[in-house]
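Trainee: got a structure for you, letters missing:
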């Protein structure tokens, strides 16, 4: 075989270029990405939108309770006269961030435990999986309450720092991540076990590859598919966990809005003002669908068979 | 002439079950196997399923540490996988290639692991090697699923060749392929050996293929060597009843009906509880009382370099 014919071949495309072009061909995933980015931008710019409309998300106006949509209040007002649109966008900041960050944190933790467990096998596997079983066997709501009620001030941390908004936000993220990693750990362990014993991993070992190389080069790309699906489903659940925590008083404290606590508030009014429940519910639903579609797009992007 | 690879009394045992509860059983996959492979030579390892061929191949390449005995390569012990110029080719060409990697990356992987090559150097080498195994150069930008079984096996051979190994352990590289493709891959392996002087440990259960490729043949049964001899001696005058049974099982045109009592009947016994004495006595057509009591040693037959583990070696040949 001559060198000339090799140089004559087309310039080799990189594996990431190929993945990106496959993702782009998944129209729904692209649409979902655009939707989620637009929603994120709107939430980030909630203050600007509020200023433009001349409304404040926490100003109570008892003369404007349950106002129908108007030029000033595009989605109307709630039971104490606050603008629903601006509150939704404000709430979206926390809900979206909690949903994505807690999933990412719990996902990293679960993948770490699952892949180590599946790759190392033996005692490590037994120990890590029994630990996972322990966490899995605890009922989630009481566990969230206990974790939410831990008084970090007793550990000597300054309470002014603990009560600052960013710390309490991260606390929610960590609490949810600590509870919601078990499914991902189990899925990654099972998938790792099946990949580990394939011959291509043995071939890499025969060339001197260590465990870290094999985990990053072979195991993670091959277990990505089920993990992406599991993570996409986790996002929606996490957004609802946050509302549970808020409802129980351990999450975001009102009047700061989140989709979860807006939904909770609207519960009693669902017969008189159903729209107040529909708006945050619809946003949670759309976010979950969008994340799932993006997950599907990523799955297709990572699967070389979708080319043909 | 010193051997390229020396296996001395290699044993591989797996502890099975009973980590906390119940008794622990020992599976003796390979027991006291010794052989040499010279540079550029093909040693075929034959035996039924479950005879420990693959395990022995893994022990030789360093993928599995033997529980007893030693494997040395050019006089230095093989301690872990990848430190010696030994590569593997696997049986299943579908499991042997990572479906998520481009063929160029798969073939160049040994260089990437070894380090010291730029991405473009690796790509050039991969294209070159793929050409040598008879695949088009644009294969490097394609995925494994776009290739047939025979082509995939060529890719696996290319991956084994790229780091210039001196020994390739080929674990039934043909048995998953169509017969027509088998001969192409077999000829490719022969060509490569002639050009590069690579030694093969060729694991197979297909005696026809072995007769075509091997210089010497080792017969494995229940993890023990039954016979090891040059190809001519083994096929021409087999000295062990198990070898004879295998040769009888080989289909051949125009030989007429098999004589009864020559082949081995029944199943291979469990390596968890191997028979006493000679492990083959439960199926051997010429087993005597001594066979159930005493394990035969692997000794030369009539002073030839043909070694046989049978109390009645040579007789009846």
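Mentor: Arrived safely, thanks for sending. Quick caveat, the model's predicted, so the values are computed rather than measured.
Trainee: Helix, strand or coil: sort out the closest residue to residue A:97 other than its chain neighbours for me.
Mentor: What sits nearest to residue A:97 in space, not counting adjacent residues and going by Cβ to Cβ, 6 or more residues apart in numbering or on different chains, is residue A:169, at 7.3 Å. (C-beta placed from N, C-alpha, C; glycine too.) Put simply, residue A:169 is helix when judged by DSSP: H, G, I helix; E, B strand; the rest coil.
Trainee: list the contacts for residue A:169?
Mentor: A:94, A:97, A:98, A:252 (Cβ atoms under 8 Å, 6 or more residues apart in numbering or on different chains).
Trainee: what's around the residue nearest to residue A:175 when sequence neighbours are not counted, how many residues?
Mentor: Spatial nearest neighbour of residue A:175, excluding adjacent residues (Cβ to Cβ, 6+ apart): residue A:147 at 4.5 Å. Counted with other Cβ atoms under 10 Å in any protein chain shown, residues neighbouring residue A:147 total 17.
Trainee: Secondary structure element for residue A:147, which one?
Mentor: Per DSSP states H and E, residue A:147 falls inside helix A:140-149.
Trainee: helices or strands up against that helix?
Mentor: The contact analysis (3 or more Cβ pairs under 8 Å, 6 or more residues apart in numbering or on different chains; DSSP states H and E) places helix A:140-149 against helix A:165-179, helix A:220-248.
Trainee: for the ones you listed, which one ends up most surrounded?
Mentor: helix A:220-248 (a mean of 21; mean count of other Cβ atoms under 10 Å in any protein chain shown).
Trainee: Which strands and helices lie in contact with that one?
Mentor: Secondary elements touching helix A:220-248 (3+ Cβ pairs under 8 Å, 6+ apart): helix A:84-120, helix A:140-149, helix A:165-179, helix A:182-196, helix A:259-266, helix A:274-302.
Trainee: Reformat the ones you listed as JSON lines; add mean pLDDT.
Mentor: Below are these laid out as JSON lines (pLDDT from 0 to 100):
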{"stretch": "helix A:84-120", "mean pLDDT": "90"}
{"stretch": "helix A:140-149", "mean pLDDT": "80"}
{"stretch": "helix A:165-179", "mean pLDDT": "83"}
{"stretch": "helix A:182-196", "mean pLDDT": "93"}
{"stretch": "helix A:259-266", "mean pLDDT": "80"}
{"stretch": "helix A:274-302", "mean pLDDT": "85"}
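Trainee: Just send these back as JSON lines, with distance to residue B:138 too.
Mentor: Listed next are the helices and strands packed on helix A:220-248 as JSON lines, based on distance: least, Cβ to Cβ, whole Å:
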{"stretch": "helix A:84-120", "distance to residue B:138": "34"}
{"stretch": "helix A:140-149", "distance to residue B:138": "53"}
{"stretch": "helix A:165-179", "distance to residue B:138": "45"}
{"stretch": "helix A:182-196", "distance to residue B:138": "28"}
{"stretch": "helix A:259-266", "distance to residue B:138": "51"}
{"stretch": "helix A:274-302", "distance to residue B:138": "22"}
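Trainee: Of all these, which one comes closest to residue B:190?
Mentor: Among the helices and strands packed on helix A:220-248, helix A:182-196 comes nearest to residue B:190, with 33.5 Å by Cβ to Cβ.
Trainee: Give me the angle between that closest one and helix A:84-120.
Mentor: 40 degrees (axes from the mean of the first three to the mean of the last three Cα atoms, to 10 degrees).
Trainee: Report the central residue of the chain.
Mentor: Going with chain A. residue A:100 (2.9 Å; Cα atoms, centre = their mean).
Trainee: oops, I was thinking of chain B
Mentor: Note: chain B centre (Cα atoms, centre = their mean) maps to residue B:203, 2.2 Å.
Trainee: And the residue nearest to residue B:100 when sequence neighbours are not counted, how close does it get to residue B:98?
Mentor: Once flanking residues are discounted, residue B:100 sits nearest to residue A:221: 4.4 Å by Cβ to Cβ, 6+ apart. Distance from residue A:221 to residue B:98, counting by Cβ to Cβ, to the nearest Å: 8 Å.
Trainee: How about residue B:77?
Mentor: As judged by Cβ to Cβ, residue B:77 and residue B:98 stand 30 Å apart.
Trainee: do the same with residue A:213
Mentor: For residue A:213 relative to residue B:98 (Cβ to Cβ), the value is 12 Å.
Trainee: Compare neighbour counts for the two and give me the winner.
Mentor: Neighbours were counted for residue A:213 and for residue B:98 using other Cβ under 10 Å; residue B:98 has more, 24 against 18.
Trainee: Look at that one and report its pLDDT.
Mentor: The model reports residue B:98 with a pLDDT of 92.
Trainee: correct me, but it touches residue B:106?
Mentor: Yes. Residue B:98 is within contact range of residue B:106, at 6.2 Å (criterion: Cβ atoms under 8 Å).
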